[in-house]
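curious how this folds, go ahead:
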Amino acid sequence: GKDRIIFATKEDHETPSSAELVADDPDDPYEEQGLILPNGDINWNCPCLGGMASGPCGEQFKSAFSCFHYSTEEIKGSDCVDQFRAMQECMQKYPDLYPQEDENDEKSSKDLEAASMEASAAKEEKGSS
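Residues are numbered from 1 along each chain as shown. Down below sits the predicted model:
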């Protein structure tokens, strides 16, 4: 995996740190690239994602967002209902990290699910004619 666990002892913390802070690298290929990189890939390091690509539901978010980004359906993303549902179910398990919007908000999760269902139904109708 991408993560590495390092255990520190009490002795490790008794000596001052020798770490040097490095200024932002002006040649960082992901810095200020925006959401989509020049090659069309998604920039998962974009600050515009607000950290959604990491955390306990990061993989579900990446799956849903990738599906939507690369979707070629006439109703873009209509083939991604399952991925968005998995992401929503994951986020509901962590209400402190992913606060649910108030029921009075226009864009509630129920609206998102209804829109997903409508897109799915429209896709099925189109396929059956």
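
how about the helices in this protein?
Ranges of helices within the chain are 10-14, 58-70, 81-92, 109-128, based on DSSP state H.

mean pLDDT lowest for which of those?
Lowest mean pLDDT of these: helix 109-128, a mean of 56.

quick check: phi and psi on S71?
Comment: the main-chain dihedrals of S71 come out as phi -60, psi 140, following degrees, to the nearest 10.

give the contact list for it.
When contacts are counted by Cβ atoms under 8 Å, 6 or more residues apart in numbering, S71 is found next to G77, S78, D79, C80. (C-beta placed from N, C-alpha, C; glycine too.)

isn't the third one right up against C67?
Yes - under the criterion of Cβ atoms under 8 Å, D79 is in contact with C67, at a separation of 6.9 Å.

quick check: T72 vs D79, distance?
Relative to D79, T72 is positioned 8 Å away (Cβ to Cβ, to the nearest Å).

more neighbours: which of those two?
Set side by side, T72 and D79 show unequal neighbour counts under other Cβ atoms under 10 Å, the larger going to D79 at 17 against 6.

spatially nearest residue to that one (excluding sequence neighbours)?
Using Cβ to Cβ, 6 or more residues apart in numbering and skipping the chain neighbours, the partner closest in space to D79 is E73 (5.0 Å).

with S63 instead?
Using Cβ to Cβ, 6+ apart and skipping residues adjacent in sequence, the residue nearest S63 is Q83, 4.7 Å away.

distance check, the one you found against I42.
Relative to I42, and taking Cβ to Cβ, Q83 is found at 14 Å.

then P56?
For P56, the distance to I42 - Cβ to Cβ - is 20 Å.
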